[in-house]
Structure formats: C-alpha cells, structure tokens
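Q: below are the sequence and a predicted model; questions follow.
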There are 2 protein chains.
Amino acid sequence: MKDLKNFFQPGSIAVIGASRNPNKVGHVLFKNIIEGGFKHEVFPINPNTDLILNKKVYPSILKVEKKVDLAIIAVPAESVLKTVQECNKKNIKNLLIITSGFKEIGRVDLEEKLQIFLKKNKINCIGVNCLGIYDSYNKLDALFIPRYRLKRPEPGTISFVCQSGAIGAAILDIATEQGHKFSKFISYGNATDIDESDLLEYLSHDEKTKVICLYIEGIKNGKKFFETIKKVSKIKPIIALKGGLTKQGSQAALSHTGALAGDKEVFFGIFAQTKVIKTDSLEEMFNTASLIEKNLSFKGNRIQIITNGGGYGILSIDEIAQSKNLALASLSEKTIKELRKNLPKIIKIHNPLDLLGDATTERYKVALENCIKDKNIDAILLIVLYQTPLITTDIVEIISESHMETKKPIIIVSTGAEFTQTLSRALEKNGLPTFTYPTNAINAIDKVVWYQEKMKSKEKL
Amino acid sequence: MKDLKNFFQPGSIAVIGASRNPNKVGHVLFKNIIEGGFKHEVFPINPNTDLILNKKVYPSILKVEKKVDLAIIAVPAESVLKTVQECNKKNIKNLLIITSGFKEIGRVDLEEKLQIFLKKNKINCIGVNCLGIYDSYNKLDALFIPRYRLKRPEPGTISFVCQSGAIGAAILDIATEQGHKFSKFISYGNATDIDESDLLEYLSHDEKTKVICLYIEGIKNGKKFFETIKKVSKIKPIIALKGGLTKQGSQAALSHTGALAGDKEVFFGIFAQTKVIKTDSLEEMFNTASLIEKNLSFKGNRIQIITNGGGYGILSIDEIAQSKNLALASLSEKTIKELRKNLPKIIKIHNPLDLLGDATTERYKVALENCIKDKNIDAILLIVLYQTPLITTDIVEIISESHMETKKPIIIVSTGAEFTQTLSRALEKNGLPTFTYPTNAINAIDKVVWYQEKMKSKEKL
C-alpha cells in the first residue's frame, strides 16, 4: 500500500507556480491553501516575484531550506518534468500535479517521461490534469477553484474520489449545499502515478472515512482495481458511478482523461462480484451516501410507509414492489390492535398507513411509536407533507425524539418550498435523512439494504 | 363536453361551511379566496355566525338573494346531500365539494345517493374528497391549504390535474418554487361526477393551457378515458403519471380515492396508442413540463453537447446513446473548420465539444454561435459548470442573446450551490430551460422529442 499520509496531513507545503495574477491557477491554489486555514508552513515558489499575498516567495524549490512534505505543482506542462526533478533533488516524495496538457491532449510522450522518472525515484504523485485535493479535518484546501464559486464542505464521513475535475467540483458544491459532510475530496485526473486503486486502498484505512464515493471513467490496471475493490468494499461501502459506459461515451472518455473506459459488461461484472454499490447517476450516488452517512443499520428489508398523502403512499408502494431488494412490511397483530385503538376509525390500518389529509401531529406520534416497536418492520418511510393544515411544526421534535430512542431507520420524504425545506433541514440536523421525492428515497434504501445484506451474508459464512 | 367555465371564471361564489375557526377547512378556504384576490362577490354561508373576516355571513344558501355561479361545499359528509339539494333549489349548477368521508372510507352509500341526485338534476360537481381548484389568471384560490404552507404559482401555461390532493399540494408547492408557472390546478378526488376525462377535454379547449400534467390512480370509465386522451393528446401534450401500477399499489389506491387502479399493461397500452407522454415519477413529469412550457421546437433528434466538464460530457453521451429517441449530432465540415480556427488547438472538435476546465466565456460564445448555425444539429445541450475560474458571469447574457436569435432549442445543465443557482435562475428568466443534472435534462428532451416526432408523423399522413 502506498503511504499517502503526506498528501492529506503534510507538515509543510510548497506551491510551485504560485502567482500574483488572480486569474492564474497558481494564485487561486495558493490563496485557497492560506485562506482555508492550513496550520503549517506554506512556501510559494516563483522565480519572477518576491511577494504573493504578503508571503515571501522563493525563486526555486531548491532555495527552500526547511523540509517540504508536499509539493503542489502548477507550472506549464513543458516545465513539469524539470520541476519534478528539482523536487526530487530536495527529496520531496509527494507531489500533487495540477497541470494539464499531457496524455489527454495526445502528449503521451510528456506523460511517459514523467511517469518513468516518478517510478524510478519512488515519488508518489497525484495528477496530472487534476483539480486538486481537499481535506476538511486538516483544513487543507488544495483546489484551484475560488471559494465563492465552490462551497467547501464541513468535516464528515464521505470521501469522494473523482477522476473528472469539473464533475468533482460541481458535485462537491451541490452536495455541500445539500448538507453532506466530507472527509476528503480527491481529483486524480490522468492517474499518472497514483490511481483509483491506490486511493481506495488508502481510504479503506482512513479513520475519518466511512463511505467512499467513486466516479471513474477508465481504469489503468483492471486486475489491481478488481483486487482492490474486492478487499475495500468488505471494509467500507464504495458507491460507484462509471462514465463511458457506451461505445460513444467510451470514446469521449479517451480524450478526457486519456482513459480507456473499458467494456460495460466487464465493469458491471466486477461490481456484482464485489460489494461495490453501483449507481446510475450522480444524484443517486449522493442520495445513497446520505443514508450511509447517517449510520443507518437495516436489520432486514421490510419497509412500512406512514403518510399523510395517499398518492405518495401509492407511488411508494409501487416503487417498493418493483425494487430489487425491498419488501413491504406487514404490521403485527399487536400493532394493528394498538393503532385501531388510538387512531380515528376512518384510517385503514395497513401498509401504507395513510393518516389522511387532515392528519395531526398526534396521529404521526401514535403511528411512529407503534411502528418503531413492531418487529415485523425493519425501516420506516415517513412521508410528511407539511402543506396539510393540521400538522404543527413540533412534529420535528416528535420525529427527532423517536429517532433518538430507536435504532430502526426512519427515512423522511417531504416535498415543498421554503416552509417544507426549513423543517426538512431541521430534521437533517437531528440526524434524519430527508428526501424530496419517494422515488429517490426508496432507490437509496434499496441500495443500502443490498449492501448491508451482502455484508451480513458474508459474516455468516 | 361539460361546460366547466363557472368553476374557473365564476361571477360569484358561495362558501358553504365557511367558519370563524382558523383550524377549519371552511375558514382556510374562505380566507384564501378573499386573500387570493378574487374580484367578484363571495358569500360565506354558516347558520351559527354573523361575521367571518368582516364579511356578512348568510345562514343558508337560500338566503342569498343574488345569483351564485359556484358553490364550494365544506360541510360534514352527512350534511352534503342536504346542502346540495338546497343549492339545486337555488339553481346553482356548479359545485366544488371538498368534504371527504365517502367511497374512500367505505361509505359507498353516501356517495351513490349524491351521485344520483347530481345526475338527475344535471349538476356539475368537482370532488368529493378533494383539495380544491386554483386558477392563476382569474385569481381564484379555492384550495384549503394556508398560503404560507403552499406557494401559489404565477400565471403560466401548465394545467395540473391531480387525483390525489396531498400530492397535488406538495408538487404545486415545489414546482412553483422551481419557477414553473401554472394556469390551473385541479384536485378532483373521488370524481363523483366530473372525472379526469371531463377535465382533460375542457382543458384541451382552454386557451390559457398549453400543457396538461395528469396524476391518476384509477379511472372511472376506461372507454371514455381512452377516447378522450386520444383526442386531447393530438391537441395538447398530456404528461401522465400513473399511481397504483403494481398489485400492491393498486390495492392502496382503492382505499385512497376509491379508485380501481386497473392493470398496468392496459394503461401503458393506452398511453402508447395515443400521444400521452408517460413519466415514471413526479420529478420527471415537471422536468418534461419545463421544456414544453418554454415552447421549444425540436426539428429532429440530433443533440450536440457543449461542456466545460469532461465527465459531464461523457455521462451525457452515455445517456443519449442509451435513450429511446435521441441521437448524437455530427458536426458539419463547415462547423468543424470554423471551430478549429477559432478555438484553442488543444480542444477536440467533436461531440461532446469539451471546452475544458479552463474554458472562458469567449470559448462558449464561439462554440454556441457555430453550433446554432449547423444544420446537422437539432438541439444543444449546454453544460456550464460555473465552478471553473475563467467563466465570467456575462455568459448569462451571451447564452440569452443566442437563445433570442435562434429557434434551435438550447438546454442548460449546471450543478452547484448559490453562485450556480443564481446564474441558472437568470437564464430561466430569459426563457432558457435549466437542469441540475444531465440525466434529468436528457430524459426530458427524450420525452419531448418523442411527442413532437409523433405529432409530425401524424401531420405527414
């Protein structure tokens, strides 16, 4: 296993190609590292200037006297090899190379020379042609995108490994806005040295990472990848999205990260043989992550629906009935009796449990309490449409308290504008996963149940 | 065809069961009608009070001396028939009955008696067991949900016919927040008298309606429904979502709106034989509506992708290659030549046209101008990830101007937090459809192209 610790917890950083010009990658990178709150020393390197953001600039990495753990390189492609050689001379063995203009534009020659040098001198390198890395715990913001354009996430348990830089940026931005919390974000571009397998293996041992999201286009070494995900997916869930599934998409991937995207069937075969959670879209990836992030543990696959929207109940039943891994719960005799006693007669006691358009907070309380106790139910899909007039806002406390007192997963679905979104955010803060539509929630539950069942079946063997 | 004009443009309204108690449906309804800005007379009816919201209350509908075009009824289920009889005595032939507690809870007897009376006396009735109606042009807000919980949409071209009340409310709320504009919203509940077919037929002749969204669980009269959608879908696009597709979902539908949900294959067969646009989720329904709403006209199905995120380009190619009705455009020789001349050499001129992570606004301008001119391209999927640093905000004007000057559909995909969302909203205001993920955009384009091709093939016959 490659030791990548110095990429995420370096004791000092050099930014080679740091610039005074705010439009240059080398400026934005340096600025973000400083403003991101990195606690150790940062050395800007540039032969043509003395001061950047009030920091003393060194003309060359060789002029830095102190030890440098990580060099971040943002010089033109033609100068990269020379820069790397200088870093080697200074005994810097960890490089993050942002620079593009290699294999992905046909400059295979440039990339191969670099690759040979890295290998020969046992240098670890992330990049080339990448967006950078972000570590929320160590406040290391080595991304070349301005902070006003891309929100930085709070510390959390998701690590996101992304071959494509722009996808990574866009998704990190929206996922952060949606309240997801991240441990690490790694854009690894052309994978000239460190590839997806190295990163997955490292993250599998990273205490701060509980779930790995992975966007890949192609892989460099199929056998290594297969062995790695087989091993890692037993330790931590990997949620994967594959770009370049079709012949046409695969051709496009070739000119993007220079990756041979490979055969669709081969990839799906590999995912199926391991415990990798396969998703079909980025939205699905983070919907799934948001359940795992919340540490939900499904004892089984039997889902009970509680709703105040009859139609949502029906659509949810349809989704569950058509899902791959979920089943509809059947209420126990005891629960039926209790609900009959404590809910208005007009309410049919079955699945979905439709509390009707005039549902009160009290009805939800009764329904929730009894379904939590019921051993025939493994998880509750709680649909709360706040538009109906008799629901009071203290339903947030009622749901949150129930959630605190049980290990049974409760997943919330609420659709609506500000009023709804405010209440959903309050539930999220209290640790409950919330979704806008039943489809998205059920799809994510389906995937997580699949993974957890697969883990259990392994344990039994 | 039933004349439903008085439901949407009544000259006067009575609210029977109007109440002083803010928690009662009859209060919220009356309040919303008043505060919604309805311009004609509204008579509250209640035997137990004199004044509601400073309006004189009548003890009985029979005490109102003026002509009443529409009576909205929110009295207990047991009193509904008597109330309807009084309305008939006063010669009111249009009733909106909000009250629930009929067929959907097993009181088939109550509903049948009502139904017989309505038929015998030729009374038009929407409901029972419904949320009400909303007409944005006539400022008629006859929904029983408080305005702070449910946003009311601005006048637009979508009419939404929804069997389920709570779904309708939730979706109207979120769709409004997302900027969709509506003509009419109709929750029709148990369809005791007026059913989905009557509403579709009426809307097909409604000048203010350009696209109809339809959520149905079951239908009352299959033959009538088939004949109606066959006719209506030739005049206006109908985007349909069917609840109760599975055996289990169908059973749930029975206790929701008392509807027999019917066989999945039968429904899909009916949709396929007509021009109804079938969707699989509410999100998909409104994504599709948002394209039709913008009046896009696709001359063909060949899509060109322009992007600054390579990964998004690849995922989009995958989606289009796997779609049912779309094809990838091939740039003409002339366009290739122009783009080669005017874009940096590093950029590969093909589909997707990846302007790279350092894309400038100028690159987008060049790409857009040339693709608009290219006759090999029927529509442009324009992916703009605003996280990359060299894009300036004047890209909004550049895209908007291009859009003004061409009839070729330009569909925008941008993913991100506030910065991105602000720019997306600006584009939406200028008439461009914007989506968060490529998947959603391509899925909606696929459906609209299917509909427009089907309409064209008809014209040719």
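A: It's in. Residues are numbered from 1 along each chain as shown, chains lettered A, B, ... in the order given.
Q: tell me how chain A divides into domains.
A: Here the domain parsing of chain A from automatic domain parsing is A:1-129, A:150-293, A:297-460.
Q: winner for burial among these?
A: Among the domains of chain A, domain A:150-293 has the highest mean neighbour count (mean count of other CB atoms under 10 Å in any protein chain shown), at a mean of 22. The way it works is simple: take the backbone N, C-alpha and C, and place the C-beta from them, glycine included.
Q: if we can go back for a sec, include distance to chain B and mean pLDDT when you put the domains of chain A into CSV, please.
A: Below are those laid out as CSV (distance: least, CB to the nearest CB, whole Å; pLDDT from 0 to 100):
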stretch, distance to chain B, mean pLDDT
domain A:1-129, 5, 96
domain A:150-293, 3, 89
domain A:297-460, 3, 95
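Q: redo those as TSV? Include distance to B:G179.
A: Formatted as TSV, the domains of chain A follow (distance: least, CB to CB, whole Å):
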stretch	distance to B:G179
domain A:1-129	32
domain A:150-293	18
domain A:297-460	11
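Q: SS state for the most far-flung residue of chain A relative to its centre?
A: Computed with CA atoms, centre = their mean, the residue of chain A farthest from its C-alpha average is A:K345, at 45.3 Å. Secondary structure for A:K345, judged by DSSP: H, G, I helix; E, B strand; the rest coil, is coil.
Q: repeat for the one 4 residues further on
A: Per three-state DSSP, the local secondary structure of A:I349 is coil.
Q: repeat for A:H403
A: Applying three-state DSSP: A:H403 is helix.
Q: list the contacts for it?
A: A:I410, A:N430, A:G431, A:L432 (CB atoms under 8 Å, 6 or more residues apart in numbering or on different chains).
Q: do A:Y215 as well
A: Counting by CB under 8 Å, 6+ apart, A:Y215 has contacts A:160-164, A:167-168, A:171, A:240-241, A:243, A:282, A:285, B:311.
Q: which residue ranges form the helices in the stretch 101-250 of chain A?
A: Along the stretch 101-250 of chain A, counting by DSSP state H, counting those that start in this stretch, helices occupy A:108-120, A:165-177, A:196-204, A:222-235, A:247-257.
Q: what about the lengthiest strand in chain A, distance to the chain center?
A: What stands out as the longest strand in chain A, according to DSSP state E, is strand A:155-162. Strand A:155-162 sits 5 Å away from the centroid of its parent chain (CA atoms, centre = their mean, to the nearest Å).
Q: neighbouring strands for that strand, and are they parallel or not?
A: strand A:182-187 (parallel), strand A:211-216 (parallel) (DSSP bridges).
Q: contacts only, for A:V57.
A: Counted by CB under 8 Å, 6+ apart, A:V57 has contacts A:A18, A:P44, A:I45, A:N46, A:T49, A:D50, A:L51.
Q: relative to A:I395, how far out is A:F419?
A: 12 Å (CB to CB, to the nearest Å).
Q: could you do A:D69 as well?
A: 51 Å.
Q: next one: A:Q322
A: Taking CB to CB, one finds A:Q322 at 30 Å from A:I395.
Q: check A:V161 too.
A: Counting by CB to CB - A:V161 and A:I395 are separated by 38 Å.
Q: cool, A:S290 as well?
A: 21 Å.
Q: the one helix or strand A:V84 maps to - contacts with which helices or strands?
A: Following DSSP states H and E, one finds A:V84 within helix A:77-89. Judged by 3 or more CB pairs under 8 Å, 6 or more residues apart in numbering or on different chains; DSSP states H and E, the packing partners of helix A:77-89 are strand A:70-73, strand A:94-97, helix A:108-120.
Q: run the angle between it and helix A:108-120 for me.
A: Orientation check (axes from the mean of the first three to the mean of the last three CA atoms, to 10 degrees): helix A:77-89 against helix A:108-120 gives 10 degrees.
Q: which other residues reach helix A:77-89?
A: By CB under 8 Å, 6+ apart, helix A:77-89 touches A:16-17, A:60-62, A:71, A:73, A:75, A:95, A:97, A:99-102, A:107, A:110, A:113-114, A:117-118, A:121, A:123, A:125, A:128.
Q: residue contacts, A:L328?
A: A:R302, A:I303, A:Q304, A:I317, A:I320, A:A321, A:N351, B:Q248.
Q: tell me the secondary structure at A:I412.
A: strand.
Q: wait, isn't A:S290 in contact with A:H180?
A: Yes - at 6.3 Å, A:S290 counts as touching A:H180 under the criterion of CB atoms under 8 Å.
Q: which residue, other than its chain neighbours, is closest to A:G300?
A: Of all residues not flanking A:G300 in the chain, A:D378 sits nearest, at 3.9 Å (CB to CB, 6 or more residues apart in numbering or on different chains).
Q: surely the one you found meets A:A329?
A: Yes - counting by CB under 8 Å, A:A329 is a contact partner of A:D378 at 6.9 Å.
Q: ok and the lengthiest helix in chain A relative to strand A:211-216, angle-wise?
A: Scanning chain A for the longest helix, with DSSP state H as the assignment, gives helix A:438-460. Counting by the same axes, to 10 degrees, helix A:438-460 lies at 110 degrees to strand A:211-216.
Q: I'd like to know which elements helix A:438-460 is packed against.
A: So helix A:438-460, by 3+ CB pairs under 8 Å, 6+ apart, packs with strand A:277-278, helix A:282-293, helix A:310-322, strand A:379-383, strand A:410-413, helix B:282-293.
Q: quick one: closest of these to B:G26.
A: helix A:310-322 (21.7 Å; CB to CB).
Q: how big is the angle separating that closest one from helix B:282-293?
A: Using the same axes, to 10 degrees: helix A:310-322 against helix B:282-293 is 110 degrees.
Q: which neighbouring elements make contact with helix A:310-322?
A: So helix A:310-322, by 3+ CB pairs under 8 Å, 6+ apart, packs with strand A:302-307, strand A:327-328, strand A:353-354, strand A:379-383, helix A:438-460, helix B:165-177, helix B:247-257.
Q: how does it look with 7 Å?
A: On a contact count with 3 or more CB pairs under 7 Å, 6 or more residues apart in numbering or on different chains; DSSP states H and E, helix A:310-322 meets strand A:302-307, strand A:327-328, strand A:379-383, helix A:438-460, helix B:165-177, helix B:247-257.
Q: pull the residues that contact it.
A: A:303, A:305, A:307, A:326, A:328, A:352, A:354, A:381, A:383, A:385, A:413, A:438-439, A:442, B:164, B:166-167, B:215, B:217, B:243-246, B:248-249, B:252-253, B:256-257 (CB atoms under 7 Å, 6 or more residues apart in numbering or on different chains).
Q: could you check the angle that helix makes with helix B:165-177?
A: Using the same axes, to 10 degrees: helix A:310-322 against helix B:165-177 is 90 degrees.
Q: any idea how far helix A:310-322 is from the chain center?
A: The answer for helix A:310-322 is 28 Å, by CA atoms, centre = their mean.
Q: same check, this time on stretch A:179-192
A: Centroid displacement of stretch A:179-192 relative to its chain, using CA atoms, centre = their mean, is 8 Å.
Q: that one spans what distance, first to last residue?
A: Taking CA to CA, to the nearest Å, stretch A:179-192 runs 33 Å from one end to the other.
Q: swap in stretch A:376-389?
A: 32 Å.
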